[in-house]
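**Student:** using only what follows, build the 3D model:
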Amino acid sequence: QVQLVESGGGSVQVGESLRLSCVASGFTESQYCMAWFRQAPGKEREGVAKINGFAVTTYADSVKGRFAISRDNAKTTLSLQMNSLKPEDTAVYYCAVGYSCLSMRSYDYNYWGQGTQVTVSS
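**Tutor:** Numbers count the residues shown, from 1 in each chain. Presented below is the predicted three-dimensional model:
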């Protein structure tokens, strides 16, 4: 059974940093896509960053230069380093896994974690 468990969320001030982690279990291969999404109150879920099995990364324009996604295939762990946080980064952040890495559309991802809250205050 596939399971994704996120951790590392919290409340920070503008300009501070947070590191999110996601531990995946139940997978038998490393050639799948892993991604971070976020959903703010009243808004649709949006893709933040994705990384494929060859460590090729893609970022949403809103986080380029501030966030960094990484994965450790040996431990099936996904991370998101978030720097220079802004109030508009406030959201529930989700880890997701898909068999295709062509997009950051939520419907292209097959498995989801429960989410972790990130709150950035000014």
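
**Student:** and the strands in the protein, which stretches?
**Tutor:** Defined through DSSP state E, the strands belonging to the chain, from first to last, are 3-7, 10-13, 18-25, 33-39, 46-51, 57-59, 67-72, 77-82, 91-98, 111-112, 116-121.

**Student:** so what secondary structure elements neighbour the last one?
**Tutor:** Think strand 116-121. The elements that strand 116-121 packs onto, with contact taken as 3 or more C-beta pairs under 8 Å, 6 or more residues apart in numbering; DSSP states H and E, are strand 10-13, strand 18-25, strand 91-98. Just so you know, the C-beta spots here come from the backbone N, C-alpha and C atoms, and that holds for glycine as well.

**Student:** now the first one
**Tutor:** Under the contact criterion of 3+ C-beta pairs under 8 Å, 6+ apart, strand 3-7 touches strand 18-25, strand 91-98.

**Student:** for the nearest residue to G10 once chain neighbours are set aside, give me its contacts.
**Tutor:** In space, G10 comes closest to L18 once its chain neighbours are excluded; the distance is 6.2 Å by C-beta to C-beta, 6 or more residues apart in numbering. With contacts taken as C-beta atoms under 8 Å, 6 or more residues apart in numbering, L18 has the following neighbours: G8, G9, G10, V12, M82, L85, V118.

**Student:** so which residue is smack in the middle of this structure?
**Tutor:** Taking C-alpha atoms, centre = their mean as the criterion, W36 is the residue nearest the geometric centre of the chain, at 2.0 Å.

**Student:** returning to what we had before: which of the helices and strands packed on strand 116-121 is buried the deepest?
**Tutor:** By mean neighbour count, with neighbours taken as mean count of other C-beta atoms under 10 Å, strand 91-98 ranks first of these at a mean of 22.
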